[in-house]
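In: need a 3D model of the sequence below.
(chains A and B)
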Amino acid sequence: MIDAATSRLLNALALIAISAILAAAFYTQIVARELPCPLCILQRAGFVAVGLGLALNLLTGPRPGHYGLMILAALAGGAVSLRQVALHIVPGSGVYGDPVLGLHLYSWAALIFAAIILGAAAMLFFERQFEPASPPHVRGTLIIAALAFFALMVLGNAASTLLECGTGLCPDNPVAYEWLPG
Amino acid sequence: MMALPFVIVFAGLAFAWYGRRGWALGSGLAAIAVTLMLFRLHATDSLALSF
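Out: Predicted coordinates:
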C-alpha cells in the first residue's frame, strides 16, 4: 500500500498540480488581462494553504496534522468559491471572467477544493506512511522542483496582490492595479 | 492586507524548510484564519437567490 516514499511522491505531484493551478490563474491575469476579484484572491489563498500542508509532508515527513491543515484550507477556500458561485448562479446575475472548458474559474475551484478534501481524507487511511520506522525523508530533484515552483507561486501571488490591492482591501470589481501607474 | 495570507504561508514554508514543523503548522492555521477574516470583510452583499 502507500508507504512514506509513495506518500512523498503523491504529495510532490499534488504540490506541482496546485502550483500549476496557481500558474493558470496567473495566465488569465497576465495574458488574458483578467484582474482577480477579492474572492478570487482568497481562493488562491486557500490553494496556497493547501500547498503548505503538502510542503510540510515533503519537508518534515507525512503527518495526519498536515492532511488536517489541507482539509481546513480546502474547506475555507471552498466556502469562498461556493459564495462566488452563489453570487452568479441565478440566470441574469452576471458572471466574473471568461469560462474555461465550460466552467468559470470559481466553479472549477469549488470542484477542486472538494477533490482535495476527499483526497486528503482518503490519504489518512494509509497509516503505513506515518510509521516512525519509515526511512528519513530525502529531498530529491522532484521534491525540490515542486517546492521551488510552489514558493515562486506564493511569492508571485503576494507581489501581484500587493500591486493590485495595495495594503488595504480590494475593490469588488478591480479594473486597474493600485500600485501600478496608468 | 489581502497579501497577508500569502506572506504568512511563505513564512510557513520557510519554517518547514528549516524543520520548524510546529511553527509551520501554526502559520498555515493563521493563514486560514486571516483568509476567513478577509472573506468576512468582503462577503457583504446579500445573495439574491430567488430564481
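
In: is chain A contacted by stretch B:1-17?
Out: Yes. Stretch B:1-17 comes into contact with chain A (C-beta under 8 Å from any C-beta of the partner chain), by way of B:1, B:2, B:3, B:5, B:6, B:7, B:9, B:10, B:12, B:13, B:16, B:17. The C-beta positions use only the backbone N, C-alpha and C, and glycine is treated the same way.

In: is the fifth one in a helix, a strand, or coil?
Out: By that I understand residue B:6. helix (DSSP: H, G, I helix; E, B strand; the rest coil).

In: ramachandran coordinates for residue A:158?
Out: phi -60, psi -50 (degrees, to the nearest 10).

In: and it, what pLDDT?
Out: pLDDT, residue A:158: 97.

In: run a quick neighbour tally on it.
Out: Residues near residue A:158, counting by other C-beta atoms under 10 Å in any protein chain shown, number 20.

In: my guess is it meets residue B:8, correct?
Out: No. With contact defined as C-beta atoms under 8 Å, residue A:158 does not count as touching residue B:8 (9.6 Å).

In: for the closest residue to residue A:171 other than its chain neighbours, give me its contacts.
Out: Sequence neighbours aside, residue A:38 is the residue nearest to residue A:171 in space, at 7.8 Å (criterion: C-beta to C-beta, 6 or more residues apart in numbering or on different chains). Residue A:38 makes contacts with A:165, A:169, A:170, A:171, A:172, A:174, B:2, B:38, B:42, as judged by C-beta atoms under 8 Å, 6 or more residues apart in numbering or on different chains.

In: just the buried ones from these?
Out: A:165, A:170, A:174, B:2, B:38, B:42 (16 or more other C-beta atoms under 10 Å in any protein chain shown).

In: and the residue nearest to residue A:171, what's its pLDDT?
Out: pLDDT, residue A:38: 94.

In: got it, and the one 10 residues further on?
Out: The predicted local distance difference test score for residue A:48 is 98.

In: for the lengthiest helix in chain A, list every residue counted as buried.
Out: As assigned by DSSP state H, the longest helix anywhere in chain A is helix A:4-30. Going by neighbour count (16+ other C-beta under 10 Å), the buried part of helix A:4-30 is A:4, A:7-8, A:10-12, A:14-16, A:18-19, A:21-22, A:25-26, A:28-29.

In: and it, what does it pack onto?
Out: helix A:38-60, helix A:105-123, helix A:141-165 (3 or more C-beta pairs under 8 Å, 6 or more residues apart in numbering or on different chains; DSSP states H and E).

In: export the helix or strand encompassing residue B:36 to CSV, keeping only CA atoms.
Out: Residue B:36 belongs to helix B:21-42 when assigned by DSSP states H and E. Taking only C-alpha atoms (Å, rounded to 0.1, in the frame of the first residue of the first chain), the coordinates of helix B:21-42 have been written out as CSV:
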residue,chain,number,x,y,z
ARG,B,21,7.2,21.9,12.0
GLY,B,22,5.1,23.4,14.8
TRP,B,23,5.7,27.0,13.6
ALA,B,24,4.9,26.0,10.0
LEU,B,25,1.6,24.3,11.0
GLY,B,26,0.8,27.4,13.1
SER,B,27,1.5,29.6,10.1
GLY,B,28,-0.9,27.5,8.0
LEU,B,29,-3.6,27.8,10.5
ALA,B,30,-3.0,31.6,10.9
ALA,B,31,-3.2,32.0,7.1
ILE,B,32,-6.5,30.2,7.0
ALA,B,33,-7.8,32.4,9.9
VAL,B,34,-6.7,35.5,8.0
THR,B,35,-8.3,34.2,4.8
LEU,B,36,-11.6,33.7,6.6
MET,B,37,-11.4,37.1,8.2
LEU,B,38,-10.8,38.8,4.8
PHE,B,39,-13.7,36.7,3.4
ARG,B,40,-16.0,38.0,6.1
LEU,B,41,-14.9,41.6,5.2
HIS,B,42,-15.6,41.1,1.5
